[in-house]
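Participant: coords please:
(3 chains)
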Amino acid sequence: MTQDGYVDGNALAGPLGEIFTAEVTQAGGRCLHCGLTLALAAVRVYDRAPGLVGRCPGCEEVLLRLVRTPDAAWLDLSGLSALRVALPAD
Amino acid sequence: MARAALSGRLTWRTATLVDSRWETGTARTLVLRVPGWPGHLAGQHVDVRLTAEDGYTARRSYSVAAPANGELVELTVQRVDDGEVSPYLTDVLPVDARIELRGPVGGWFVWRPANPRPVLLVAGGSGIVPLMAMVRARGQAGDRTPFRLIYSVRTPEQVYYAQELREARRAGLDVALVYTRTAAEGTRRPPGRITADDLARDGWPAEFQPDCYVCGPTGFVEVVADLLTGLGHDPASIRTERFGPTGG
Amino acid sequence: MGIVSPGFAGRRRTDDRLPPGQFRTEDFPVLSAGPTPRVPLEQWRFTITSELGREYAWTWPELLALPSDSATVDLHCVTGWSKLGTGWQGVSLDVLFEEVETAAEYAMVHSYGGYTTNLPLQDLLDGQSWIAYRFDGDDLAPEHGGPARLLVPHLYLWKSAKWVRGITLMDQDEPGFWEAAGYHIYGDPWLEQRYQGD
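Facilitator: Below is the predicted model:
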């Protein structure tokens, strides 16, 4: 599972599940650096760090950062365009 | 330019205490002679290093209290109870003794006489020090820029440079004292923390587009900066210097 | 030694080598925010850029030709582990800054691969930091930041940027990679400044 230090985006499911109620690993977005469209499950997650870092599988630029402190989670999604999260139809 | 003149902002220089005076019962101005001092701008600060006989060192930063004057650098140090460095500088350091100084440091919180904008200075406690350097720089240059100073202190006994500020008032500098705990006799404003009304009454209207310099403890600076933007001042014209808990 | 000020005694820290909340480790965990950069030595540069844009640069041979120190220091990672008594060789930032003309207060450290971290300039000086290229008697391995990393042991280890490529001087402080994502802007392990608001 680990090649050159990263794991796949399913590693985000647990941590992001604390913040979002919807299933976000299937959410889609676009890398703002190279334009690649991808699901969060395809993000390269570096999880041996003071936080989680998600990088683009196309250009390696940082898409997201997630830091968990004792009383908060800090989520930076600034490397990604808007995320589309599928939700059950009404 | 000679190499010696170019180098050295980051070198520790020997500074000898040549004179001192008490501004209040607990704040002392140190006049230091620093051979080779490259000069400085009002608002900048210096790093001070003390070394004990066994080699132990402690470092603190202090704002410069007066404009450039050859080899002389003036600092005003407030004694912090239980501090490691400030009680030494206020109570122990004798004339002719040496400390080390490095700098000047700071490129942003500065005022130059050539600046055409009116100036609003807002000081909280010992935050008056770099702002006084600006007031003195203006005086030294014979500059006529409109300056207003709002100086927040707990009690009248804690006012630094009291005599000089009274004289400066007579010479056309607007100075408003805001007492937070005990007001001076005959003061109309009752004691209390600085408010938007104080800044509106004793400061410049936002339409004048003044450059604002705010200095003091972190909490004070943040409150005042918010009040100023609330009064319409452009955040880009508000420069702040916070005295954080870096130790005494 | 600096000029001794008569009558100054100072206050010493108690002799406890572990900061609060840390545990001691004998191995050397590898943490990284991205892939290990591979920089050919003939392309490697270290650049200090002043607040006025003036650049001071060193090639790899130039760095190695500078006077270097052997330093034994304790490392404290914000994730909780501390490694005591580690041996390094590197060039003190005091040596690199000898030539630099600046009045700036803050530094942003940049790494190959895009990582950044910020700290006050005075925390880089006075024997407090090195550009380190040897660890434990060997060339610094890539997974630990080789060919060269910043080493500033009095702050949490995320400030000791691996694969360092330069320092930009700034008049105002700005947060780097982790500081912008919830970590403390300064990071003193002895005051347990791990996260913003600590």
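Participant: need the contact list for residue 33.
Facilitator: I'll assume chain A. With contacts defined as CB atoms under 8 Å, 6 or more residues apart in numbering or on different chains, A:His33 is in contact with A:56, A:59, A:61, A:79. Any C-beta I mention is one placed from the backbone N, CA and C, and that applies to glycine too.
Participant: wrong one, chain C
Facilitator: Each residue near C:Ala33 by CB under 8 Å, 6+ apart is listed here: A:46, A:49, A:53, A:62, C:115, C:177-178.
Participant: out of the contacts of A:His33, which are inside strands?
Facilitator: Here DSSP state E is the test, and the contacts of A:His33 give no hits in strands at all.
Participant: max pairwise distance over these: which two?
Facilitator: Maximum pairwise distance in the contacts of A:His33, criterion CB to CB, is 10.0 Å, between A:Cys59 and A:Gly79.
Participant: wait, doesn't B:Thr218 sit right on B:Arg242?
Facilitator: Yes - with contact defined as CB atoms under 8 Å, B:Thr218 counts as touching B:Arg242 (4.4 Å).
Participant: more neighbours: the two, which one.
Facilitator: Using other CB atoms under 10 Å in any protein chain shown, the more surrounded residue of B:Thr218 and B:Arg242 is B:Arg242, with 16 against 13.
Participant: and stretch B:75-95, which residues are buried?
Facilitator: B:75-80, B:83-90, B:93 (16 or more other CB atoms under 10 Å in any protein chain shown).
Participant: how long is it from one end to the other?
Facilitator: 14 Å (CA to CA, to the nearest Å).
Participant: contact partners of that stretch?
Facilitator: With CB under 8 Å, 6+ apart, stretch B:75-95 has contacts from B:17-20, B:23, B:26-30, B:32, B:46, B:48, B:50, B:58, B:60, B:62-65, B:99, B:125-126, B:129, B:132, B:160, B:247-248, C:5-8, C:10-11.
Participant: can you give me the offset of that stretch from its chain's centre?
Facilitator: Counting by CA atoms, centre = their mean, to the nearest Å, stretch B:75-95 is centred 16 Å from the centre of its parent chain.
Participant: returning to what we had before: could you list which of the contacts of stretch B:75-95 belong to helices?
Facilitator: B:129, B:132 (DSSP state H).
Participant: which of the contacts of stretch B:75-95 count as buried?
Facilitator: For the contacts of stretch B:75-95, buried by 16+ other CB under 10 Å: B:17, B:20, B:23, B:26-30, B:32, B:46, B:48, B:50, B:58, B:60, B:62-65, B:99, B:125-126, B:129, B:132, B:160, C:5, C:8.
Participant: how about the helices in the chain?
Facilitator: All of this refers to chain A. Using DSSP H, helices in chain A cover A:13-17.
Participant: chain C was what I was after
Facilitator: According to DSSP H, the helices that chain C contains are C:60-65, C:93-97.
Participant: how about the strands of chain B, start to end?
Facilitator: B:13-22, B:27-33, B:45-51, B:57-63, B:72-78, B:98-105, B:119-124, B:147-153, B:174-179, B:211-217, B:238-243.
Participant: tell me which of those strands is the most buried.
Facilitator: Of all the strands of chain B, strand B:119-124 carries the top mean neighbour count, a mean of 26, counting by mean count of other CB atoms under 10 Å in any protein chain shown.
Participant: pretty sure A:Ala82 sits against A:Gly29.
Facilitator: Yes - under the criterion of CB under 8 Å, A:Ala82 is in contact with A:Gly29, at a separation of 6.7 Å.
Participant: which of those two has more neighbours?
Facilitator: A:Gly29 (21 against 10).
Participant: that one pairs with what?
Facilitator: A:Leu38 (DSSP bridges).
Participant: cool, and C:Tyr106?
Facilitator: When bridges are called by DSSP bridges, C:Tyr106 pairs up with C:Pro120, C:Met170.
Participant: adjacent strands (with direction) for the top strand by length along chain C?
Facilitator: Ranked by residue count and defined by DSSP E, the top strand of chain C is strand C:81-92. Under the criterion DSSP bridges, strand C:81-92 sits next to strand C:23-24 (parallel), strand C:69-76 (antiparallel), strand C:130-135 (antiparallel) in its sheet.
Participant: can you give me the neighbour number for the residue lying closest to B:Ser63 once chain neighbours are set aside?
Facilitator: Nearest non-adjacent residue to B:Ser63, counting by CB to CB, 6 or more residues apart in numbering or on different chains: B:Pro130, 3.9 Å away. When neighbours are counted by other CB under 10 Å, B:Pro130 registers 26.
Participant: same check on B:Pro146?
Facilitator: 14.
Participant: quick one: C:Tyr156 from chain A, how far?
Facilitator: Taking CB to the nearest CB, to the nearest Å as the criterion, C:Tyr156 is separated from chain A by 9 Å.
Participant: on that earlier part again, of the strands paired with strand C:81-92, which is nearest C:Arg165?
Facilitator: Among the strands paired with strand C:81-92, strand C:130-135 comes nearest to C:Arg165, with 10.4 Å by CB to CB.
Participant: contacts for the closest one?
Facilitator: So strand C:130-135 is in contact with C:46, C:63-64, C:69, C:71, C:86-93, C:96, C:139-141, C:144-151, C:164, going by CB under 8 Å, 6+ apart.
Participant: just the buried residues of those.
Facilitator: C:46, C:63, C:71, C:86, C:88-93, C:96, C:140, C:144-151, C:164.
Participant: distance check, B:Ile128 against chain A.
Facilitator: 37 Å.
Participant: contacts only, for that residue.
Facilitator: Going by CB under 8 Å, 6+ apart, B:Ile128 touches B:151, B:160-161, B:215.
Participant: residue contacts, the residue nearest to B:Ser63?
Facilitator: Residues in contact with B:Pro130 (CB under 8 Å, 6+ apart) are B:42-45, B:63-65, B:109, B:213, B:215, B:241.
Participant: for those, which one is nearest C:Leu125?
Facilitator: Nearest member of those to C:Leu125, counting by CB to CB, is B:His45, at 15.3 Å.
Participant: what's across from the closest one in the sheet?
Facilitator: With DSSP bridges as the rule, B:His45 is bridged to B:Ser63, B:Val105.
Participant: is it correct that it is in contact with B:Tyr62?
Facilitator: Yes - counting by CB under 8 Å, B:His45 touches B:Tyr62, with 6.0 Å between them.
Participant: could you check how far the residue nearest to B:Ser63 is from chain A?
Facilitator: Separation of B:Pro130 from chain A (CB to the nearest CB) stands at 34 Å.
Participant: list the contacts of the residue in chain C positioned nearest to chain A.
Facilitator: Relative to chain A, the nearest point of chain C is C:Gly182 (3.2 Å; CB to the nearest CB). Under the criterion of CB under 8 Å, 6+ apart, the neighbours of C:Gly182 are A:51, A:67, A:69, A:72, A:74, C:195-196.
Participant: before we move on, what about A:Ala72?
Facilitator: Contacts of A:Ala72 by CB under 8 Å, 6+ apart are C:182, C:195.
Participant: tell me the residues of chain A that contact chain C?
Facilitator: Within chain A, the residues that sit near chain C (CB under 8 Å from any CB of the partner chain) are A:4-6, A:46, A:48-51, A:53, A:55, A:60-62, A:65-67, A:69-70, A:72, A:74, A:76.
Participant: now, of the residues you listed, which are buried?
Facilitator: Among the residues of chain A next to chain C, those classed as buried by 16+ other CB under 10 Å are A:5-6, A:46, A:48-51, A:53, A:55, A:60, A:62, A:65-67, A:69, A:74, A:76.
Participant: among those residues, name the ones in strands.
Facilitator: Using DSSP E, the members of these that fall in strands are A:46, A:53, A:55, A:62, A:65-67, A:69, A:74, A:76.
Participant: from chain C, how far out is the residue of chain B most remote from its centre?
Facilitator: Computed with CA atoms, centre = their mean, the residue of chain B farthest from its C-alpha average is B:Asp54, at 32.6 Å. Look at B:Asp54 and chain C: by CB to the nearest CB, they are 9 Å apart.
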